[in-house]
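*Asks:* How does the following fold in three dimensions:
(one chain, ligands or ions: 1)
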Amino acid sequence: MNNVIKIMGVAVNNTTLVDAVKTVEKALENNNQMSIYTPNTEIVMEARSDNTLCNMINRGDLIIPDGVGLIYASKIKKKPLKERVTGVDLSTKLLSLCDKKGYSLYILGGKEGTAQRAVDNIMKKYTNIKIAGIHNGYFKGTHIGYEGHDEEKAVIEDINNSGAEVLFVCLGAPKQELWIDKNRDKLNCKVMIGNGGTVDILAGDVKRAPLIYQKLGLEWLHRLIKQPSRIKRQMALPKFVLLLLFSREKLVE
Ligand code: UDP
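*Replies:* Numbering: from 1, shown residues only. Below you'll find the predicted structure:
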């Protein structure tokens, strides 16, 4: 992978949204398979104490810095990332690409009914898009400890039979990374992206933070106000910053 920095062991491509889209477009044109991961601060902190997870993410073909904390880290440690590239933004660009170039999309994940609502909204906006299929994320599969279960085999068969070229895997992190890592060889689709709550946003069930929060890098604050129960998970951010400022370890390389 080109132009990579490592943050607490997790590889991240130093790319922009525009270049990330070009990379994906090239993979589709050349018929190459590509996995895309979208780590944020919480996942990097989890991967710091979980080598298996860290190695799994690092096997991704394109790893984009989804979290604003990663941008701060890269700047504090003088290896500045060009910009934050979120999974939602890249997914939106992929929808446009599918719409323009005729690539077909399969959405895996979310509660029963969520992917259908997402598809209804997508089709209103992207009138030429080919939807190959959908499936909820609550089947027995690798992501919840049932690797190779019949239910998982049926989902993989459905994705392959659908002829999908682009696959959104919205199972939440790190379930989606695990699912992609273990199953990519069995899948015929070209591009697969672990894009967490994107299905909820596309369905209109979850609203993205207003632009001002996005611009100020404060989406985490907006999410915390809306879902205070996330406080435990979000403590990863201050812990991450403290580590960066006071640890003697080489945390960014
Ligand atoms: N999800 C799923 N299967 C699971 C767990 C989660 O399909 O076994 C879906 C969940 O319904 C939601 C999405 O994954 O649509 C993101 O979940 P969450 O908010 O927990 O993940 P995060 O955004 O924190 O990565």
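
*Asks:* name the element Gly220 belongs to?
*Replies:* For residue 220 the amino acid is Trp, not Gly. If you go by DSSP states H and E, Trp220 is part of helix 219-226.

*Asks:* can the lengthiest helix in the chain be found next to the ligand?
*Replies:* Longest helix in the chain by number of residues (criterion: DSSP state H): helix 87-101. No - Helix 87-101 stays out of contact with the ligand when judged by CB under 6 Å from any ligand atom, the minimum separation being 9.0 Å. All C-beta spots, glycine's among them, are computed from the backbone N, C-alpha and C.

*Asks:* What residues of that helix count as buried?
*Replies:* Going by neighbour count (16 or more other CB atoms under 10 Å), the buried part of helix 87-101 is 87-95, 97-99.

*Asks:* List of residues touching that helix?
*Replies:* Identification of contacts with helix 87-101 by CB atoms under 8 Å, 6 or more residues apart in numbering yields 17, 20-21, 24-25, 28, 36, 38, 64, 66, 103-105, 122, 125-130, 165-166, 168, 191, 193-198, 201-202, 208.

*Asks:* now the angle between helix 219-226 and that helix, please.
*Replies:* Interaxial angle, helix 87-101 versus helix 219-226 (axes from the mean of the first three to the mean of the last three CA atoms, to 10 degrees): 110 degrees.

*Asks:* on that earlier part again, report the entries of the contacts of helix 87-101 that also contact the ligand.
*Replies:* Contacts with the ligand within those, as defined by CB under 6 Å from any ligand atom: 196-197.

*Asks:* List the ones among the contacts of helix 87-101 that fall in strands.
*Replies:* Within the contacts of helix 87-101, residues falling in strands by DSSP state E are 36, 104-105, 130, 166, 168, 191, 193-194.

*Asks:* could you dump the longest helix of the chain to CSV, C-alpha only?
*Replies:* C-alpha atoms of helix 87-101 as CSV (Å, rounded to 0.1, in the frame of the first residue of the first chain):
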residue,chain,number,x,y,z
GLY,A,87,-16.6,6.2,5.4
VAL,A,88,-19.9,8.0,4.9
ASP,A,89,-18.3,10.5,2.4
LEU,A,90,-16.5,7.8,0.5
SER,A,91,-19.7,5.7,0.4
THR,A,92,-21.7,8.6,-1.0
LYS,A,93,-19.1,9.1,-3.7
LEU,A,94,-19.3,5.3,-4.5
LEU,A,95,-23.1,5.7,-4.9
SER,A,96,-22.4,8.4,-7.5
LEU,A,97,-19.8,6.2,-9.2
CYS,A,98,-22.2,3.2,-9.3
ASP,A,99,-24.9,5.5,-10.7
LYS,A,100,-22.7,7.0,-13.4
LYS,A,101,-20.8,3.8,-14.5
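
*Asks:* Now do that helix, average pLDDT.
*Replies:* Model confidence over helix 87-101, given as mean pLDDT, is 98.

*Asks:* and that helix, how far out from the chain's middle?
*Replies:* Helix 87-101 sits 13 Å away from the centroid of its parent chain (CA atoms, centre = their mean, to the nearest Å).

*Asks:* now do stretch 211-225
*Replies:* Taking the mean of its C-alpha atoms, stretch 211-225 sits 18 Å from the chain's own mean (CA atoms, centre = their mean).

*Asks:* who wins for most neighbours among the ones in strands among the contacts of helix 87-101?
*Replies:* When neighbours are counted by other CB atoms under 10 Å, Gly194 leads the ones in strands among the contacts of helix 87-101 with 30 neighbours.

*Asks:* Contact partners for the residue nearest to the spatial centre of the chain?
*Replies:* By CA atoms, centre = their mean, the chain has its centre lying nearest to Asn195, at 3.1 Å. The contact partners of Asn195, by CB under 8 Å, 6+ apart, come to 36, 38, 87-88, 90-91, 168-170, 176.
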